[in-house]
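K.L.:
Below is the sequence, then the predicted model.
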Amino acid sequence: MEITTGGLSEILKNAKDINNFLQENESYITNPTLQEYLKNLLVLKGLKRQDVIKNAQLDSNYINQLFSGIKTKPGRNQTLSLAFGFGLNNEETARLLKIAKVGALYPKNKRDAVIIHSLEKGNSITQTNETLNSLEIETLTDYRK
């Protein structure tokens, strides 16, 4: 049975001994590389790489380099685009951002708030960019210009 990050955090908060916690929860504690995590997301979401490329609106060569491990440090906008490509929610996106080692979404930031809202509503990257553009905020694709 899979445990959520929140559930694991609660168990950790109540743990009397860190060694016991680590031993009892070893299967839940992972530190995947970005490459491993992206491949895992494909399986978990039942997607093909081409689906992610289309939905993320990113260059196929770039995504293929991320999946092969040639590129290991995408930018924040690219990582957020991948989140939309996979159809991730806010919690799943937070994990992707952490593994990619780019900044977390921050709801007190107007742009991030729009992105968080879009993720939770299941909006596409196109819908999200349209909302950002209508508010005169940098879109997720502005970095490609």
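P.N.:
Received the coordinates, thanks. Numbering: from 1, shown residues only.
K.L.:
all contacts plus neighbour counts: C-alpha atoms, from now on.
P.N.:
Noted.
K.L.:
what's the domain layout of this protein?
P.N.:
If you go by automatic domain parsing, the domain ranges for the chain are 1-30, 32-144.
K.L.:
Output the contacting helices and strands for the helix or strand of the chain with the lowest mean pLDDT.
P.N.:
Within the chain, no helix or strand scores below helix 5-14, which has a mean of 88 by mean pLDDT, DSSP states H and E. Helices and strands touching helix 5-14, by 3 or more CA pairs under 8 Å, 6 or more residues apart in numbering; DSSP states H and E, are helix 18-24.
K.L.:
mind listing what's buried in the helix it packs on?
P.N.:
For helix 18-24, burial by neighbour count (16 or more other CA atoms under 10 Å) applies to Phe21.
K.L.:
export it as CSV, just CAs?
P.N.:
Output of helix 18-24 as CSV, limited to C-alpha atoms (Å, rounded to 0.1, in the frame of the first residue of the first chain):
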residue,chain,number,x,y,z
ILE,A,18,14.3,8.0,13.9
ASN,A,19,16.0,4.6,13.4
ASN,A,20,12.8,2.7,13.8
PHE,A,21,10.9,5.2,11.6
LEU,A,22,13.5,4.7,8.8
GLN,A,23,13.5,0.9,9.1
GLU,A,24,9.7,0.6,9.2
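K.L.:
downstream neighbour of it in the secondary structure list?
P.N.:
Going down the chain from helix 18-24, the next helix or strand is helix 34-45, by DSSP states H and E.
K.L.:
orientation of the helix or strand following that following helix relative to helix 34-45 in degrees?
P.N.:
Going down the chain from helix 34-45, the next helix or strand is helix 49-56, by DSSP H and E. If you take axes from the mean of the first three to the mean of the last three CA atoms, to 10 degrees, helix 49-56 sits at 90 degrees to helix 34-45.
K.L.:
Kind regards, and thank you for your time.
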